[in-house]
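Student: Next come a sequence and a model predicted from it.
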Amino acid sequence: MEKYVKGSKVSYALGMSLSIEALKKRPGSVKEILLSSKCHKNRQFEQLENLCHLHHVPMKIDDAAIASLSLKENCYAIALFEIFASSIQEGDHLALVDFESFGDLGTILRSAVSFDYHEVALIGKHPDIFDPRCIRASMGALFHLNFSEFPDVSSYVKAYPDHALYPFISHGDAFEKLPFRSPYTLFFSEDYHGLESVFEKGYTLPHRHFEDIPLSSLSSIVLSEGYYRKRSR
């Protein structure tokens, strides 16, 4: 098994927990589970084994492949899976515009799943979401999501003309004024100024040093508020 490169037909999720997530949410895409001879047959292993039996996914010990593919020493399982197609569905969307960091993208995807946002538009440039580094940063959130790619914001807006658009920029209306009127789209970008060049109006947190707030923290605040607003309706 060669290391993943963009365009490969097969990727892999590193670790026992991510392998379990792949089997739970995308079992039809998982081809094989590779195991280290050092893995402990604990409760997590039993869960992995049961899921493999349920979905008829083969397991095999392959220390050489584990050593070659893993990014850390204590990796005891790797799920090999076929790249799968996906597309966003109707509902409230999360739009991620012009990302470069695997860490930021993966963390926001993880927060999205935590707060019940499962429709993600990837706009402009972004890391390859099937890259094992992104899968690891998202803690397997990729397997829970629907996603579609768009070349630019205008292409997305044209596809979803009925959505209320809520971009987060460095200067805008106070976050408390955001109505969360469904269907809506929350826009985040590593480049706040890039969003400001597209949107005349947006939202911000009332903080003196807005741009010093980590994007992962900002998105978690906004997504959690959207989650609780939906639950209170």
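Tutor: Everything's here; your move.

Student: Would you map out the domains in the protein?
Tutor: Following automatic domain parsing, one gets these domains for the chain: 10-82, 93-232.

Student: close enough to count as contact, Ala95 and Thr185?
Tutor: Yes: counting by C-beta atoms under 8 Å, Ala95 does reach Thr185; the two are 5.1 Å apart. Every C-beta, even on glycine, is put in place using the N, C-alpha and C of the backbone.

Student: mind listing what Leu69 touches?
Tutor: 1, 3, 12, 14, 34, 78, 132 (C-beta atoms under 8 Å, 6 or more residues apart in numbering).

Student: And for the third one, the neighbour number?
Tutor: Just to be clear, that refers to Tyr12. 26 (other C-beta atoms under 10 Å).

Student: what do you get for the fourth one?
Tutor: Residues lying near Leu14 (other C-beta under 10 Å) number 21.

Student: from what I can see Arg136 touches Leu71, true?
Tutor: Yes: Arg136 is in contact with Leu71 according to C-beta under 8 Å; the separation is 7.0 Å.

Student: what residues do these two have in common as contacts?
Tutor: With C-beta under 8 Å, 6+ apart, Arg136 and Leu71 have common neighbours Leu14.

Student: Which one of these two is surrounded by more residues?
Tutor: Under the criterion of other C-beta under 10 Å, the comparison of Arg136 against Leu71 puts Arg136 first, with 20 against 10.

Student: In space, what's closest to the more buried one - neighbours in sequence excluded?
Tutor: Leu14 (5.6 Å; C-beta to C-beta, 6 or more residues apart in numbering).

Student: same check, this time on Asp128
Tutor: Using C-beta to C-beta, 6+ apart, the closest residue to Asp128 is Lys6 (4.7 Å).

Student: residue contacts, the one you found?
Tutor: Contacts of Lys6 (C-beta under 8 Å, 6+ apart): 128, 130-131.

Student: Phi first, then psi, for it.
Tutor: Main-chain dihedrals, Lys6, degrees, to the nearest 10: phi -60, psi 130.

Student: cool, and Tyr203?
Tutor: With angles defined as degrees, to the nearest 10, Tyr203 sits at phi -130, psi 160.

Student: neighbours around it, how many?
Tutor: Residues near Tyr203, counting by other C-beta under 10 Å: 19.

Student: ok, it touching Glu176?
Tutor: No: when contacts are counted by C-beta under 8 Å, Tyr203 is not listed as touching Glu176 (9.2 Å).

Student: Closest one of the contacts of Lys6 to His56?
Tutor: Phe130 (23.2 Å; C-beta to C-beta).

Student: May I ask which helix or strand encompasses that closest one?
Tutor: Under DSSP states H and E, no helix or strand contains Phe130.

Student: ok, and the closest non-adjacent residue to it?
Tutor: Nearest to Phe130 is Ser11, by C-beta to C-beta, 6+ apart, at 4.5 Å.

Student: Just the element for the one you found, please.
Tutor: strand 10-14.

Student: partners of that strand, with directions?
Tutor: strand 77-82 (antiparallel) (DSSP bridges).

Student: what does the next helix-or-strand element following the strand it pairs with contact?
Tutor: Using DSSP H and E, the helix or strand that follows strand 77-82 in sequence is strand 93-97. Residues from elsewhere that reach strand 93-97, judged by C-beta under 8 Å, 6+ apart: 105, 108, 112, 117, 119-124, 126, 153, 156, 160, 163, 183-189, 191, 194-195, 223.
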